[in-house]
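>>> Provided below for reference: sequence and predicted model.
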Protein chains: 2
Amino acid sequence: MPGRNVLIVYAHQEPKSMNGSLKDIVVDVMSKQGCNVVVSDLYTMKFNAAATRNDITGDLCNPQHFSYGIETKEAFKKGCLCEDILEEQRKVHDADLVILQFPLYWFSFPAIMKGWIDRVFVQGFAFDFPGCYETGLLKGKKALLSFTTGGTEEMFSKEGASGDIRYLLWPIQHGIMHFCGFQVLSPQISYAPEYVSEVKRKEMLMNWAQRLENIWEEPPIDCTPPWYFQ
Amino acid sequence: MPGRNVLIVYAHQEPKSMNGSLKDIVVDVMSKQGCNVVVSDLYTMKFNAAATRNDITGDLCNPQHFSYGIETKEAFKKGCLCEDILEEQRKVHDADLVILQFPLYWFSFPAIMKGWIDRVFVQGFAFDFPGCYETGLLKGKKALLSFTTGGTEEMFSKEGASGDIRYLLWPIQHGIMHFCGFQVLSPQISYAPEYVSEVKRKEMLMNWAQRLENIWEEPPIDCTPPWYFQ
């Protein structure tokens, strides 16, 4: 879609990995659509994952009793967050669609990507009270999780050893994306690429490329409890 | 319990925080029991959260196509993991009970604690195939999540805006702890300490201290799907 902005937040160490290829496809397909595509390549950026007082430049409100949430909320208002957070916030602010591309680590994000969420989605920028869930401050934007797994699709089924994959997506899709007001699109799940044939891997990449052609028309999924677990 | 080893993995920036006090209580109560208590204070240690090739010392199996999972599995076998990982693995190996003490960030661990899991629970050390869930390599050890929330208990109820808190604990209790074979004890949840009275906060700390007196007798919870979501 010409003029639309896409942000890919990408967390894999190896450019030649399945995750690298899935990221490259977004850049390729969506650039051809006329979108402006920006990539935050977290490992290459050596993105700092830890939420510390270094994230605030200038004086703290209460240096004797440090609260990361309170201090970053105030620092956001005063323009006193550190530069790497501000830069990522500018990218999110400009984005119409945010794609998180990562390998599933322990039923969740790799820590470096969790750190991106912890540090960038500051109160006042991504949410507020009120200003969460339906009125989250990032409303109007779309978000999508694209990830690879170690386990097979059967393992991540309702009766599988790892349970329905939707269960483990709940904290991310509801607690992060929905909370900030994003319209959450269906996740793009590439199951166990390390254990399938080259043909199957190419098929996964082609499916992703095809889906991206019409991604702007997709309706969001419903992340509201309690239907989610039924 | 004299002679038992307790490891507290602690992730808060402020020693005077509720999390700091909850951690201090474990040290106090369990030392008095005669336990040997070790604390991994992740922010003070400046624990590295990112899973990179620096975690492997010596030659990689496949430097042309880096896979973190494959390389760390091999490095563990050969004793070629970097020192900070080895040190944490020794602590886990020795522990009879592992307590993770943290503030809930975005329905999950703070990134620095997720990084501890990502980097320390290497294949061959914490799990293998076979060697997961009931046969996880850390079987025989107990694990317990102790955390604070921003939201109230009502918000984290089944019909609350954030849904049943057990839902968001699923990826951690099942996908990490149960997967590695731990006996998972009930979580210790201190709801919204920033929004309650000083009296209420003291009550939370006292409850925790009391619970710790008999912690070795507690039966584990059942983390098996699909009952978990019913």
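Done, it's in.
>>> State the phi and psi torsions of the residue nearest the centre of chain A.
Nearest to the mean C-alpha position of chain A, by Cα atoms, centre = their mean, lies A:L100 at 3.5 Å. When read as degrees, to the nearest 10, the backbone of A:L100 gives phi -100, psi 120.
>>> do the same with the one 10 residues further on
Dihedral angles phi and psi of A:P110 (degrees, to the nearest 10) take the values phi -60, psi 150.
>>> Could I get the full set of helices for chain A?
For chain A, the helices defined by DSSP state H occupy A:18-32, A:68-78, A:83-94, A:111-120, A:165-172, A:198-213.
>>> Pretty sure A:S146 is one of the things the residue nearest to the centre of chain A touches, is it not?
Yes. A:L100 is within contact range of A:S146, at 6.9 Å (criterion: Cβ atoms under 8 Å). For glycine as for every other residue, the C-beta is placed from the backbone atoms N, C-alpha and C.
>>> residues contacting the residue nearest to the centre of chain A?
Going by Cβ atoms under 8 Å, 6 or more residues apart in numbering or on different chains, A:L100 touches A:V9, A:A11, A:F109, A:M113, A:A143, A:L144, A:L145, A:S146, A:F147.
>>> show me what contacts A:S190?
A:S190 sits in contact with A:M18, A:L22, A:S146, A:F147, A:T148, A:T149, A:M204, A:W208, where contact means Cβ under 8 Å, 6+ apart.
>>> Which single one of these is nearest to chain B?
A:M18 (10.3 Å; Cβ to the nearest Cβ).
>>> Give the burial count for that closest one, as a bare number.
A:M18 is flanked by 21 other residues according to other Cβ atoms under 10 Å in any protein chain shown.
>>> Is it correct that it is in contact with A:T148?
Yes. If you go by Cβ under 8 Å, A:M18 and A:T148 touch, sitting 5.2 Å apart.
>>> intersection of neighbour lists for these two?
Joint contacts of A:M18 and A:T148 (Cβ under 8 Å, 6+ apart) are A:S190, A:P193.
>>> Can you find the helix or strand of chain A with the lowest average pLDDT?
Sorting the helices and strands of chain A by mean pLDDT, DSSP states H and E puts helix A:165-172 at the bottom, at a mean of 94.
>>> Let's see that one as CSV, backbone CA atoms only.
Extracted as CSV, the C-alpha positions of helix A:165-172 are listed here (Å, rounded to 0.1, in the frame of the first residue of the first chain):
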residue,chain,number,x,y,z
ILE,A,165,-0.2,-22.3,20.8
ARG,A,166,-2.9,-19.7,21.4
TYR,A,167,-2.4,-20.2,25.1
LEU,A,168,1.2,-19.1,25.1
LEU,A,169,0.4,-16.2,22.8
TRP,A,170,-2.1,-14.7,25.3
PRO,A,171,0.3,-12.7,27.4
ILE,A,172,1.8,-11.1,24.2
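>>> Flag every buried residue along stretch A:53-66.
A:D55, A:I56, A:L60, A:F66 (16 or more other Cβ atoms under 10 Å in any protein chain shown).
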